[in-house]
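K.L.:
Mind looking at a prediction? Sequence and model below.
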Amino acid sequence: MNVFFEESGDFKVGTVLSQAGEAYQVELASGKRSKVKAKDVLIQFANPEPEALMSAAKAIAAEVDLDFLWEVAGQEEFGFAELGAEYFGHAPLPSEAAGLVLALHAAPIYFHKKGRGRYKAAPEQTLKAALAGIEKKKQQAIIQAGYVEELKAGKLPASMQSIVQQLLFKPDKNTIEYKALEAAASDMQTTAPRLMLNTGGLASPKELHMARFLFEHFPRGAGFPQVEVPKAPADLPLADVAAFSIDDVTTTEIDDAFSVVKLDDGTVRVGIHIAAPGLGIRPDDAIDKIARARMSTVYMPGDKITMLPDEVVNAFTLAEGNDCPALSLYAVLNPQDWTVVSTTTRAERVPVKSNLRHNDLDDLVNEETLNSGEGEYPHKDELGFLWQWALQLEAGRMKKREAFGLKPEQANRVDFNFYVEDDVVSIVRRKRGAPLDKIVAELMIFANSTWGKLLHDSGVPGIYRSQGPGAGGWNAKIQVRMVTHAAPHQGLGVDQYAWSTSPLRRYTDLVNQWQILACAANGVTAPLVAPFKHRDATLFAIVSSFDAAYAAYNDFQQNMERYWCLRWLGQEQAKQVDAVVLKDEIVRLVEIPLVVRLTGMPSAPRGAQVKLDIVRWDEVDLSLEARLLEVAAVAPDASLELEEEEEGDTGEAALAEVVEAEGVVAAVTTEDGVEVPANAGTA
């Protein structure tokens, strides 16, 4: 005797070898023996042979008219043998009965299984909905296949043109557009972004990198809504100074300016004048909400996304020829010993006489001309005085660093400015620590430290940058955190450091400006009227949000700088280039700040010059493949190319934090964990 039975949801046939109670010992065609319960046996038959029956049953199942079968079945539960008699018009043969079982089992949308060999026809509405769904999937499959062919032919389907970014950065993986994109990319052995570039969905790798960043951080676009430009109070006193700023030629958000006035008693009053949008913008107003959502201006070579609308920036930037609302810090100095006799903070209108630019002055203003007094350039006497004071400020910080147990700073690396025009990039080398940079950096450190102390002494919280031992110990290398109370910044060599000098492009500085204005205007009652109080949850939230946004913006800037470095290689048709060893297998090109890992490179001393053969680069994944040609001796000026800080020292990194924050120098690309700080000042 042979049996047709169900086992684990599958149907099988075999020959019965023996029977013991309610179970059969069955041998399958493969020779395998199986114990089959009687309740699982659907058909017993003598002929034909088991394999022949299964073959015939499959053929019959394939020919069953499911629509007719469903009509015959009615709406009551039935056994397959009962339905077989009606469908075939006679008691079904074993092969016909088995074929019917296979057909019923394979059509769950027509027939719902109720038990071993028992089924019930699906309700009419349920069946119609299921059939419609199947038809829809068939049509979608046809459409999807068409999309795949279009993509493979280099054409972007019309339905994808408006959702390119969504498909790449936050896709709904159930859509036929996404499935088609993935299928086409797989067939072509490429990636979805490269396929989008190939089909014109994205115009260039630059657009890809920009789109990815904007999609994540500016999902509603980088533009601004219409806003009413705030005004500073009309009764601000006019300062008796002729201030000047020092910035890169591309800078439009001019936050800081300086003035120097000799007093009758032989002392000198130095003014550090900071743009004061805090005099017009108020916490929780419309513009504040915009600034708080962005947290900072986003910089990249050739472009930027400002924190504030242009019309607001223009109303408060320290543009030459205007009397600009400003928060001024005046330091009265004794030039005999460079002691600070007194400091005063006040809000006022500051006449800005000049906006000096690095590009015009770098060749004229250097250590030699400043020390000798040679040359002619704007504000020569003031710059000469500020240079001498900057040297004194630096020396004082170095003593404080030593008191903290750190070595002096090593400002001995070359930085790079990026300029992009019509997609042509210029990358200009610039030595860190140039006099104009040092003047700005040292006076900004002085202002941020002095105002940080003012906040602390007034009992008003602020947002500070702190660096030093903490609970459990900090990683000694470039470990900086933001806190809302005064704390030392050991890397800079100051007792406190509150970012306050870039309120047009950094939200923390705008917050601190509100707090400082409260201190300057209200004295001992400042804690009562300052916008933010101690343990203010909003202030903590601002710190957290700023940290996250600033880190993301910095990563994006570094990626874009790397992109433009790769573009420079193609633009200059660079085949063989010089590089300098940073550490282990990591080198940096000499002419541009492109850092590369050369896996398997022979050991070479730090600072060694090497020559590379550029094999290929990829502007999509920002990779570079190069081959080592030769290793030369350590370059004579290698000290200018490298950070000399040792493990545990934070000097270069700390100063980099200042010059980056104040827009003094350009950024340096980083890769593979190499500590190379970026700049937020190149527009």
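P.N.:
Looks like it came in fine.

K.L.:
Tell me where the model's unsure across the chain.
P.N.:
With pLDDT under 70 as the threshold, the chain has low-confidence stretches at 410-413, 469-478, 633-683.

K.L.:
Spatially central residue for it, please.
P.N.:
residue 552 (3.9 Å; C-alpha atoms, centre = their mean).

K.L.:
Next, it: phi, psi?
P.N.:
Main-chain dihedrals, residue 552, degrees, to the nearest 10: phi -70, psi -40.

K.L.:
Just give the nearest non-adjacent residue to it, would you?
P.N.:
By the measure of C-beta to C-beta, 6 or more residues apart in numbering, the closest residue to residue 552 outside its immediate chain neighbours is residue 217, 6.2 Å from it. C-betas here are computed from N, CA, C, even on glycine.

K.L.:
Kindly report the same for residue 191.
P.N.:
The nearest residue in space to residue 191 (C-beta to C-beta, 6+ apart) is residue 185, at 5.8 Å.

K.L.:
tally of neighbours for residue 210?
P.N.:
Neighbourhood size, residue 210 [other C-beta atoms under 10 Å]: 19.

K.L.:
on that earlier part again, what's the distance between the residue nearest to residue 191 and residue 23?
P.N.:
Distance of residue 185 to residue 23, computed by C-beta to C-beta, to the nearest Å: 54 Å.

K.L.:
more crowded one of the two?
P.N.:
Using other C-beta under 10 Å as the criterion, residue 185 and residue 23 rank with residue 185 on top: 20 against 15.

K.L.:
residue contacts, the more buried one?
P.N.:
Residue 185 is in contact with 151, 191, 192, 194, 195, counting by C-beta atoms under 8 Å, 6 or more residues apart in numbering.

K.L.:
what's the burial count for the residue lying closest to residue 121 once chain neighbours are set aside?
P.N.:
Closest residue in space to residue 121, ignoring its immediate chain neighbours: residue 73 at 4.2 Å, by C-beta to C-beta, 6+ apart. Per other C-beta under 10 Å, the neighbour tally for residue 73 reads 21.

K.L.:
Need phi/psi at residue 73.
P.N.:
Torsion angles, degrees, to the nearest 10, at residue 73: phi -70, psi -30.

K.L.:
hang on, isn't it packed against residue 83?
P.N.:
Yes: under the criterion of C-beta atoms under 8 Å, residue 73 makes contact with residue 83 at 5.7 Å.

K.L.:
Quick check: chain neighbours aside, which residue is closest to residue 56?
P.N.:
residue 95 (3.9 Å).

K.L.:
ok, that neighbour to residue 135 distance?
P.N.:
For residue 95, the distance to residue 135 - C-beta to C-beta - is 32 Å.

K.L.:
Pick out whichever of those two has more residues nearby.
P.N.:
Shown here are residue 95 and residue 135; by other C-beta under 10 Å, residue 95 has more neighbours (22 against 10).

K.L.:
So the more buried one, which state does it fall into?
P.N.:
helix (DSSP: H, G, I helix; E, B strand; the rest coil).

K.L.:
and what of the one 5 residues further on?
P.N.:
The three-state label for residue 100, taken from three-state DSSP, comes out as helix.

K.L.:
got a list of what it touches?
P.N.:
60, 61, 64, 80, 83, 84, 87, 92.

K.L.:
quick one: the fourth one from residue 483, how far?
P.N.:
In this case it means residue 80. Residue 80 is 77 Å from residue 483, by C-beta to C-beta.

K.L.:
Compare these two (neighbour count), which wins?
P.N.:
When residue 80 and residue 483 are compared for neighbours, residue 80 comes out ahead with 24 against 17, by other C-beta under 10 Å.

K.L.:
Distance check, the more buried one against residue 101.
P.N.:
5 Å.

K.L.:
Now residue 539. Nearest residue, chain neighbours left out?
P.N.:
Nearest residue to residue 539, sequence neighbours excluded (C-beta to C-beta, 6+ apart): residue 532, at 4.6 Å.

K.L.:
for that neighbour, phi and psi?
P.N.:
Torsion angles, degrees, to the nearest 10, at residue 532: phi -120, psi 130.
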